[in-house]
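S.K.: Okay, here's the prediction I keep looking at, along with the sequence it came from:
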Amino acid sequence: MMEEQEDKKGHEKLGEILIHYKIITPEQLEEGLKIQKNKGKRIGETLISLMMVTQDEINWVLGKQLNIPYVQIKVENIDIQLSKNISEDTLRKFKALPIMELNDELVVAMADPTDEEAVEAIKEITQRKLKYVLASFKNIDETIDRIFHYKDNY
């Protein structure tokens with residue numbers, strides 16, 4: 001079987017976890033890895049584009065892999081003002097969204113909490129101690145749309 005890229009933090013590889021939870025077969029992973037090599041995308045994106053997994057399945061597994069909770073963001077349940085302290089462009093670029101304050105920490109939902117550039121940028125901008133949760137790219141984008149598109153309503 002082809003090698004997946006090793007995660008910098010030494011976690012079990014995404015494909016192995018997907019197989020462990022019987023979300024995909026070893027054969028599906030091998031097919032995905034061959035296509036990934038040609039396209040240069042992440043393995044999760046490749047498996048989603050091949051319709052072998054859903055974004056929710058990838059997020060659930062990433063949450064398990066990184067030991068980070070996976071959340072569904074609802075505008076009604078978050079502190080919108082926290083998001084407005086960061087530019088919409090920055091939030092979109094890093095697929096991140098501050099959602100609440102908890103025990104002196106800023107809780108930030110991210111589509112990819114392993115993105116070190118994003119983590120550092122958000123730390124720099126907020127100057128806060130951060131706690132991360134995982135949310136889907138789509139959920140973060142839709143929430144940013146609601147916060148910034150309808151900002152006059154809040």
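M.R.: Everything's here; your move. Numbering: from 1, shown residues only.

S.K.: Going by C-alpha atoms from here, please, whenever you check contacts or count neighbours.
M.R.: OK.

S.K.: Show the pLDDT at Lys123.
M.R.: Confidence at Lys123, expressed as pLDDT, is 94.

S.K.: surely it meets Leu130?
M.R.: Yes - in terms of C-alpha atoms under 8 Å, Lys123 counts as a neighbour of Leu130; the distance is 7.1 Å.

S.K.: more neighbours, those two?
M.R.: In this view Lys123 and Leu130 are compared by other C-alpha atoms under 10 Å, and Leu130 has more residues nearby, 18 against 14.

S.K.: Could you pull up the residues touching that one?
M.R.: When the contact criterion is C-alpha atoms under 8 Å, 6 or more residues apart in numbering, the partners of Leu130 are 105-108, 123.

S.K.: Which of those has the largest number of neighbours?
M.R.: Val108 (23 neighbours).

S.K.: Just the CA trace of the helix or strand containing that residue, in CSV.
M.R.: With elements taken from DSSP states H and E, the one containing Val108 is strand 105-110. What follows is the C-alpha trace of strand 105-110 in CSV, where atoms were taken according to Å, rounded to 0.1, in the frame of the first residue of the first chain:
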residue,chain,number,x,y,z
GLU,A,105,-9.9,31.0,26.6
LEU,A,106,-11.2,32.0,23.2
VAL,A,107,-12.9,28.9,21.6
VAL,A,108,-12.2,28.9,17.9
ALA,A,109,-13.9,26.6,15.4
MET,A,110,-11.6,25.6,12.6
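
S.K.: Other residues contacting that strand?
M.R.: Taking C-alpha under 8 Å, 6+ apart as the criterion, the residues outside strand 105-110 that touch it are 71, 94-101, 128-137, 140.
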